[in-house]
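Novice: Here is my input, please return the structure:
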Amino acid sequence: MQEQQDLQRVRLTFAKGEALKYISHLDLARAWERLFRRAALPVAYSQGYNPRPRFQIASGLPVGVTGREELLDVWLAERLDPGEVVARLRPVSPPGLEVLAAEEVDLRAPALQALVRAADYAVALQATEPAEAIRARAEALLAAASVPRQRHHKGKQQRCDLRPLIQSLAVRPFPGGDGILLEMRLQASAEGAGRPDQVLEVLGLSLAARGVERTKLHFDFDK
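Specialist: Presented below is the predicted three-dimensional model:
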């Protein structure tokens with residue numbers, strides 16, 4: 001068994017672009033495994049009957065959603081400068097997966113998934129109605145005491161309240177072109193997580209969305 005002090009934990013910031021937006025979270029994890037092998041990184045492996053490369057993605061992206069500033073922790077069996085990790089990964093990264101930065105973090109730090117608290121999304125809308133009408137609906141949604149919904153969870157239909165999962169909504173002109181930008185901050189924690197498609201459905205904008213991007217994840221360590 002490898003001693004804990006021999007390991008290094010590196011946190012990668014990456015972007016998931018258009019070319020990969022329709023792959024699942026599991027497929028993205030597999031893509032990272034292949035990428036680590038191509039980059040010849042000394043990734044540490046888990047113990048047990050079926051050892052797996054030790055890495056964890058902070059939060060799964062919904063299928064069809066791109067990510068601008070995603071995080072991933074990877075454990076290395078040999079120490080490397082974070083800059084070298086980036087330099088090895090970039091030349092072998094597939095289209096749609098861009099490694100932006102790397103930094104070393106404490107081996108004893110909690111798992112990223114346990115620290116996620118909220119997520120920001122930007123939705124490009126091609127709507128036939130004016131921005132003022134959409135803004136009025138967004139303000140009415142924020143003013144609502146509750147937004148009852150049905151969700152399919154573990155093979156069963158469950159009632160839930162979407163309203164506590166919506167932290168903010170903003171409607172703005174789309175930068176540098178026609179259209180409208182809907183920005184939302186949604187809770188993303190073990191206590192509950194909102195999805196942008198749910199908010200779009202409530203606002204009657206499901207068919208108007210041209211693209212959805214998660215622009216930022218918020219963690220406990222941001223405070």
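
Novice: Contacts only, for Val116.
Specialist: 58-59, 188-189, 217-219 (CB atoms under 8 Å, 6 or more residues apart in numbering). Every C-beta, even on glycine, is put in place using the N, C-alpha and C of the backbone.

Novice: Counting neighbours, which of the residues you listed comes out on top?
Specialist: Tallying neighbours with other CB atoms under 10 Å puts Ala188 at the head of the contacts of Val116, with 24 neighbours.

Novice: which residue sits closest to that residue, ignoring its sequence neighbours?
Specialist: Ala119 (4.4 Å; CB to CB, 6 or more residues apart in numbering).

Novice: Which strand residues bridge that neighbour?
Specialist: Leu186, Leu217 (DSSP bridges).

Novice: how far away is it from Pro196?
Specialist: Applying CB to CB, to the nearest Å, the value for Ala119 to Pro196 is 9 Å.

Novice: list the residues that contact both of those two?
Specialist: Counting by CB under 8 Å, 6+ apart, the contacts common to Ala119 and Pro196 are Leu186.

Novice: who's more crowded, those two?
Specialist: More crowded of Ala119 and Pro196, by other CB under 10 Å: Ala119, with 26 against 21.

Novice: tell me the contacts of the more buried one?
Specialist: Contacts of Ala119 by CB under 8 Å, 6+ apart are 59, 185-186, 188, 193, 214, 216-218.

Novice: And Arg9, by the same measure?
Specialist: Arg9 touches 73-76, 104-107, 109, counting by CB under 8 Å, 6+ apart.

Novice: which stretches of this structure form strands?
Specialist: Listed in chain order, the strands of the chain (DSSP state E) span 8-16, 55-57, 65-76, 97-105, 116-125, 148-153, 156-161, 166-173, 180-189, 192-193, 209-219.

Novice: Any idea how far the last one is from the middle of the chain?
Specialist: Pointing back at strand 209-219 there. 7 Å (CA atoms, centre = their mean, to the nearest Å).

Novice: cool, and the shortest one?
Specialist: If you compare the mean C-alpha spot of strand 192-193 with that of the full chain, they lie 13 Å apart, counting by CA atoms, centre = their mean.

Novice: Run through who's touching that strand.
Specialist: Under CB under 8 Å, 6+ apart, the answer for strand 192-193 is 119, 160, 164-165, 186-187.

Novice: Drop anything exposed from the contacts of Arg9.
Specialist: For those, a burial check counting by 16 or more other CB atoms under 10 Å picks out 73-76.
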